[in-house]
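Enquirer: I'll drop the sequence and a predicted model, then ask my questions.
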Amino acid sequence: MALLARRAWGGRIRPTIRRRPFRSVPRRDANPFVIRIGAIFAGRLMRSAANSYLKGIPKHKRRRYFVGGVFLLSGSLGCGFAGYYYWHLTPCPITGRQRYLSISRDEEIKVAQQISKHQADSWKKEGTKCLGVDDPRVERVRDISVRLIRALPTLELAVEQSLEDKVIESMEWSVTLVDKKVANAHVLPNGEIYVFTGLLDMCGEGSDGDSMLANVIGHEISHALLRHGGERLSKRNSFLAAQSLITFMVWTLMPDNVFDVLGIRTILGMEAIQEQLLHIVLTLPNSRDQESEADYLGLLLSSAACYDPRQAAILWERMSKVHEGKEPPELLSTHPNPSKRAVQLREWQDKAFSIQRDTCGCNSRGRPKRRSHGLTGLGQQFLSLLH
């Protein structure tokens, strides 16, 4: 597959994204519950040790020394975490957004393989089938996927920026059509493309339906190429660290008779509120940024593959009507509002049309003059690997 990826760029040497030389060591996934309990016990032990150490100091000074020491320790840990966070900030390809990425590409691939196995077992248990190559819908999805992958070097030339070589070369592209009435698709970080038949029903047939489907698949491919999965894993670890630090501070400063005053239920409720607030403040905004970023790159990619960019906004308007009244407020959602996404996609259409004119040769209506699903060269190699 690495050979296939290199052939997509005609064997030429592509510029690489500059990255910091520091590399994280491999880690095991930590259990969030264990970490939280550990932070609580550490906080109580710290309070007990501090009380013993400061026992001989006058009471009016003891509190000042105690609180100052806690904030000094927490501040030192916070500064260390901030430095670690800054050291792992890297520019995102194409968009240039600064992202926090602390896990290696190999770790990301291992997680993708675990997810692939888990979802395959889950579908088997619930009786969900993956359609075979003899189904014409599978051929349709594969043809669209191949055109999108073939358009990646064209897109790089059009925007005059490059994706990461190691990401492209580590992709093991495959396409699976899942027989499930869900209007969705996803691409794992290792290049496994999954499309649900419900999405085909939502998009419809014909060239407009192909353009809608290409935009969704391009969106999901963009998530994988921009390493959004690795970024989310990194954010999860940073979220857990921030949450544990706050828990440690709170339980260190909390009086000894807190259980008698508040009760265990109130304390656990406060912990849950803290967790939700951190989730809203730290996690959700980044998730929405990733979705908008994938919308942008997916639109440009589908346009470089000679699909009609106008159909992307039409699809999201259709999605908005289907989910009207069912979506949570955007502040509490991992995705931008569908109607807002449609507006953004229309704002990016001029850029998409300019790429299409340069790469496809389009008429005034923005449709390619020549549209062919016939695949040669790289496309045939890709399909031969999929079978």
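Expert: Happy to help now that I have it.
Enquirer: For stretch 177-189, buried residues please.
Expert: Within stretch 177-189, the residues that count as buried by 16 or more other CB atoms under 10 Å are 177, 178, 180, 183, 185, 186, 187, 188, 189. (Glycine included, C-beta is placed from N, CA and C.)
Enquirer: Kindly report the same for stretch 39-53.
Expert: Quick answer for stretch 39-53 (16+ other CB under 10 Å): 39, 40, 43, 46, 47, 50.
Enquirer: for stretch 73-90, same thing?
Expert: 74, 78, 88, 90.
Enquirer: picking up where we left off before, farthest-apart pair in the buried residues of stretch 177-189, please.
Expert: Spanning the widest gap among those are 183 and 189, at 22.6 Å by CB to CB.
Enquirer: residues making contact with stretch 98-106?
Expert: 23-24, 26-27, 84-85, 88-92, 166-167, 170, 227, 230-231, 233-235, 237-238 (CB atoms under 8 Å, 6 or more residues apart in numbering).
Enquirer: hmm, which of these are the buried ones?
Expert: Buried, going by 16+ other CB under 10 Å: 88, 90, 92, 167, 170, 227, 230-231, 233-235, 237-238, out of the contacts of stretch 98-106.
Enquirer: which one of those sits closest to residue 65?
Expert: residue 238 (31.0 Å).
Enquirer: Could you confirm that closest one falls within a strand?
Expert: No: the assignment for residue 238, made by DSSP: H, G, I helix; E, B strand; the rest coil, is helix rather than a strand.
Enquirer: Any figure for the gap between it and residue 291?
Expert: Applying CB to CB, to the nearest Å, the value for residue 238 to residue 291 is 19 Å.
Enquirer: again with residue 36
Expert: 29 Å.
Enquirer: ok so, going back, go through the buried residues of stretch 39-53 and name the one nearest residue 120.
Expert: Distances from residue 120 to these, taken by CB to CB, are shortest for residue 39, at 36.0 Å.
Enquirer: tell me which element the closest one is part of?
Expert: helix 32-53 (DSSP states H and E).
Enquirer: same check, this time on residue 76
Expert: helix 59-87.
Enquirer: so what secondary structure elements neighbour that helix?
Expert: Packing contacts for helix 59-87, counted by 3 or more CB pairs under 8 Å, 6 or more residues apart in numbering; DSSP states H and E, involve helix 32-53, helix 228-253.
Enquirer: out of those helices, which comes closest to residue 132?
Expert: That would be helix 228-253 among these, by CB to CB, at 27.8 Å.
Enquirer: Pull the contacting residues for the spatially most central residue of the chain.
Expert: Ranked by distance to the mean C-alpha position of the chain (CA atoms, centre = their mean), the top residue is residue 228 at 3.2 Å. By CB under 8 Å, 6+ apart, residue 228 lies in contact with 290, 293, 294.
Enquirer: tell me which element the second one falls in.
Expert: Looking back up the chat, that one is residue 293. In this assignment (DSSP H and E), residue 293 forms part of helix 284-304.
Enquirer: got the buried residues for that helix?
Expert: Neighbour-count burial for helix 284-304, counted by 16+ other CB under 10 Å, picks out 284, 286-304.
Enquirer: Could you tell me the average pLDDT over the helix or strand just after that helix, please?
Expert: Next along the chain after helix 284-304, taking DSSP H and E as the criterion, comes helix 310-322. Mean pLDDT, helix 310-322: 85.
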